[in-house]
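Asks: predicted model, plus sequence, below.
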Amino acid sequence: MSTASTTSTVQSVDTATRPVAWPVDRPRLSAYIELAKPRISVMVLITVSVGYAVGARGQWDLVPLLHALLGIGLVATASGCLNQLIERRTDARMLRTADRPLPSGRLTPSEVLLFATFCGVFGTLWLVTFVNLLTALLTAATLLMYVFAYTPLKRHTSLCTAIGAIPGALPPVLGWTAAGGSLDTGAFALFAILFLWQFPHFLAIAWLYREQYGMAGLKMLPARSEKTPIVGLLAAGYALALIPVSFLPRVIGLAGDSYLFMAVLLGAVYAAAAIRFLRDRSVRTARGVLWASLVYLPSLWLTLTLDHVRMLQ
Ligand code: HEM
Ligand SMILES: CC(C)=CCC/C(C)=C/CC/C(C)=C/COP(=O)(O)OP(=O)(O)O
């Protein structure tokens with residue numbers, strides 16, 4: 001065997017056994033994934049899919065839905081990156097967030113900015129090209145409100161949460177318009193449900209982490225919330241208000257009585273958890289509200305979608 005062929009044999013064995021060199025190694029890849037706040041983003045994309053399924057009125061296809069999910073998912077990732085870029089110093093002061101990619105030093109601010117710009121621009125162009133202009137504009141508006149209104153306001157006023165609840169409630173509307181729907185009563189009904197759902201959800205979270213938020217200088221709770229039952233009153237009030245509002249899809253003919261039944265049941269569970277929190281503010285009852293919120297939303301969305309599809313048959 002010649003020297004050349006021996007060398008080439010050694011090289012090919014070497015190449016076959018050496019681990020593939022990725023431009024981004026595993027820990028960095030997981031840091032980029034963390035920037036997208038994956039658990040919240042999954043719920044956001046489930047919510048987009050529900051808006052799409054109901055907005056399409058039975059005329060839906062998988063490919064346009066996947067185009068919408070990709071574009072909105074990229075813009076949502078960009079919004080998570082920019083939120084964490086702005087909050088990197090306050091995140092470093094809270095145990096809950098100190099290990100995030102920026103405060104822990106796993107990624108640099110310029111890397112995050114570059115990634116956010118890529119995801120935001122590419123996601124928006126994707127929506128313009130493969131979905132429609134209205135959805136692209138609304139998705140960009142969601143990012144702008146979340147990043148440039150809600151996020152900076154957290155340091156100044158507890159009203160930030162009411163502002164944050166607007167972009168928070170837009171994902172079903174994005175799905176609705178992606179399916180070709182206009183900004184009509186159907187889109188409003190889904191927006192209103194998600195808008196109200198968020199208050200008990202984040203009030204319970206804000207109360208659970210009140211000391212950390214306080215140390216970081218973030219005003220997530222109303223003033224005097226330590227000494228008065230204001231947080232419990234707000235959580236219970238919004239959970240109770242959500243019950244009639246959740247009937248809207250039935251009232252406007254998007255769903256039938258099975259949906260209505262589940263909306264009453266789930267609404268009662270969510271409101272009961274919030275009332276328990278009002279009567280006795282403790283870690284256990286606050287966790288109960290958070291748990292109820294995370295059961296309520298996917299269950300209501302699933303029932304709405306199934307009942308809508310059943311009605312169309
Ligand atoms: C102003 C509105 C909102 C605020 C301030 C907020 C805040 C938060 C925070 C801080 C957590 C983490 C809780 C923890 O670390 O224990 C959380 C969890 C969660 N949120 Fe929200 N949220 C809002 C709206 C939404 C919306 C609109 C959705 C989905 C459509 C959502 C879905 C979730 C999910 C699925 C979790 C649990 C996953 C996890 O613990 O990371 N949230 N929320
Ligand atoms: C483009 C698009 C569809 C974006 C959707 C993003 C969006 C508006 C999500 C709502 C969730 C929300 C307000 C979380 C709280 O963030 P936080 O900063 O208070 O949470 P943190 O304390 O964990 O950082």
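Replies: Noted; the coordinates are in hand. Numbers count the residues shown, from 1 in each chain. Ligands and ions are numbered 1, 2, ... in the order given.

Asks: ranges for the helices of the stretch 201-313 of the chain?
Replies: In the stretch 201-313 of the chain, helices defined by DSSP state H, counting those that start in this stretch lie at 210-216, 230-245, 248-251, 257-279, 283-312, listed in chain order.

Asks: out of those helices, nearest to ligand 2?
Replies: Set against ligand 2 and scored by C-beta to the nearest ligand atom, these come closest in helix 210-216, at 8.3 Å. From N, CA and C alone the C-beta is placed, and that goes for glycine too.

Asks: show me what counts as buried in that closest one.
Replies: Along helix 210-216, these residues count as buried under the neighbour rule (16 or more other C-beta atoms under 10 Å): Arg210, Gln212, Tyr213, Ala216.

Asks: who wins for proximity to ligand 1 among the helices of the stretch 201-313 of the chain?
Replies: Distances from ligand 1 to each of the helices of the stretch 201-313 of the chain were compared using C-beta to the nearest ligand atom; the minimum, 5.7 Å, belongs to helix 283-312.

Asks: pLDDT of the closest one, averaged?
Replies: Confidence over helix 283-312 (mean pLDDT, whole number) is 97.

Asks: tell me the helices and strands packed up against it.
Replies: Helix 283-312 sits against helix 38-55, helix 185-208, helix 257-279, with contacts defined as 3 or more C-beta pairs under 8 Å, 6 or more residues apart in numbering; DSSP states H and E.

Asks: a markdown table please, covering those and showing distance to Leu107 and mean neighbour count.
Replies: Output for these, formatted as a markdown table (distance: least, C-beta to C-beta, whole Å; neighbours: other C-beta atoms under 10 Å):
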| stretch | distance to Leu107 | mean neighbour count |
| --- | --- | --- |
| helix 38-55 | 16 | 20 |
| helix 185-208 | 25 | 22 |
| helix 257-279 | 36 | 19 |
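
Asks: just flag the most distant two among the buried residues of helix 210-216.
Replies: Comparing every pair within these by C-beta to C-beta identifies Arg210 and Ala216 as the most remote, at 10.9 Å.

Asks: just give me how far stretch 231-247 sits from the chain centre.
Replies: Its chain's average C-alpha position is 20 Å from that of stretch 231-247, according to C-alpha atoms, centre = their mean, to the nearest Å.

Asks: can you check stretch 225-234 too?
Replies: For stretch 225-234, the separation from the chain centroid amounts to 26 Å (computed by C-alpha atoms, centre = their mean).

Asks: near ligand 2, which residues of the protein are found?
Replies: Selection of the chain residues close to ligand 2 by C-beta under 6 Å from any ligand atom yields 40, 44, 72, 75-76, 79, 83, 139, 142-143, 146, 164, 167-168, 171.

Asks: for the stretch 1-150 of the chain, what lies in contact range of ligand 1?
Replies: That would be Arg39, Ile40, Met43, Val44, Thr47, Arg96, which are the residues of the stretch 1-150 of the chain within reach of ligand 1 (C-beta under 6 Å from any ligand atom).
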